[in-house]
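Chemist: coords please:
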Amino acid sequence: MPLAVTHVLLTIIVVDLYRDYITKHKKLFTLHTLFIAGFAGLLPDIDIVIKMLAEFFSWNVPILLQHGGISHTLIFSLIFLISGLILWKQKKHKPAVIFFVISFGIFFHIFLDWLLGGGAHSGIMFFWPVSTASFKIHLLNKVGLNNLPVALDALVLLGWLWHEERKHKISDFI
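Modeler: Model prediction:
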């Protein structure tokens, strides 16, 4: 299961690579936009906070609001994507891009949980609310690398810093 840092960093890295090599549009994809993308990469795990608050107040948490519930479904990502499309059609491009990166961050989180493990143990409900069928690959469990997430955080961070040094010469700012 990817840890929080992996969700945040990988989302930032993918959006940054998209900005640097595909769109090359730094007015719409600012550093602020990258921060929002990283935050959105962690957003589906808001269900963990909801459960902690509910337990604190001794409230019952419906199963759909528990970890791997509705915040780990495509509908959660689609809400932001549709909002972004509406804003884009209204020629409000900068706020639209914010909604697009939020949608991408949520989707990428769900993808990582599906591929590597995470969310509900039974998998991701891709077709909720039409179906509650869960899907998963959980690659880390299948190849016996259950302890990899801790090392993955460090590897992702070091890889990104290496890229940033090569592409943006971050050592010039030290």
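
Chemist: Ile70 and Thr132: what is the separation?
Modeler: For Ile70, the distance to Thr132 (Cβ to Cβ, to the nearest Å) stands at 10 Å. Backbone N, C-alpha and C define where each C-beta goes, glycine included.

Chemist: just the buried positions in stretch 51-70, please.
Modeler: When neighbours are counted by 16 or more other Cβ atoms under 10 Å, the buried residues of stretch 51-70 are found to be Lys51, Val61, Gln66, His67, Gly68, Gly69, Ile70.

Chemist: quick check: buried residues in the helix or strand of the chain with the lowest mean pLDDT?
Modeler: The helix or strand of the chain with the lowest confidence, counting by mean pLDDT, DSSP states H and E, is helix 139-142 at a mean of 72. Within helix 139-142, the residues scored as buried using 16+ other Cβ under 10 Å are Leu140.

Chemist: and stretch 11-28, by the same measure?
Modeler: Thr11, Ile12, Ile13, Val14, Val15, Asp16, Tyr18, Arg19.

Chemist: report the distance from it to the chain centre.
Modeler: Centroid separation for stretch 11-28 versus its chain: 16 Å, with Cα atoms, centre = their mean, to the nearest Å.

Chemist: using PDB, write down the CA coordinates of it.
Modeler: Provided in PDB are the C-alpha atoms of stretch 11-28 (Å, rounded to 0.1, in the frame of the first residue of the first chain):
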ATOM      1  CA  THR A  11       1.000  13.000  -8.100                       C
ATOM      2  CA  ILE A  12       3.200  16.100  -8.000                       C
ATOM      3  CA  ILE A  13       5.900  14.400 -10.100                       C
ATOM      4  CA  VAL A  14       3.400  13.200 -12.800                       C
ATOM      5  CA  VAL A  15       1.700  16.700 -13.000                       C
ATOM      6  CA  ASP A  16       5.200  18.400 -13.000                       C
ATOM      7  CA  LEU A  17       6.400  16.100 -15.900                       C
ATOM      8  CA  TYR A  18       3.200  16.800 -17.800                       C
ATOM      9  CA  ARG A  19       3.800  20.600 -17.200                       C
ATOM     10  CA  ASP A  20       7.500  20.500 -18.200                       C
ATOM     11  CA  TYR A  21       7.400  18.100 -21.200                       C
ATOM     12  CA  ILE A  22       3.800  18.100 -22.600                       C
ATOM     13  CA  THR A  23       2.000  21.400 -22.000                       C
ATOM     14  CA  LYS A  24       4.900  23.600 -21.300                       C
ATOM     15  CA  HIS A  25       2.300  26.100 -20.000                       C
ATOM     16  CA  LYS A  26       3.600  27.500 -16.700                       C
ATOM     17  CA  LYS A  27       0.900  30.100 -16.400                       C
ATOM     18  CA  LEU A  28      -1.800  27.500 -15.900                       C
END
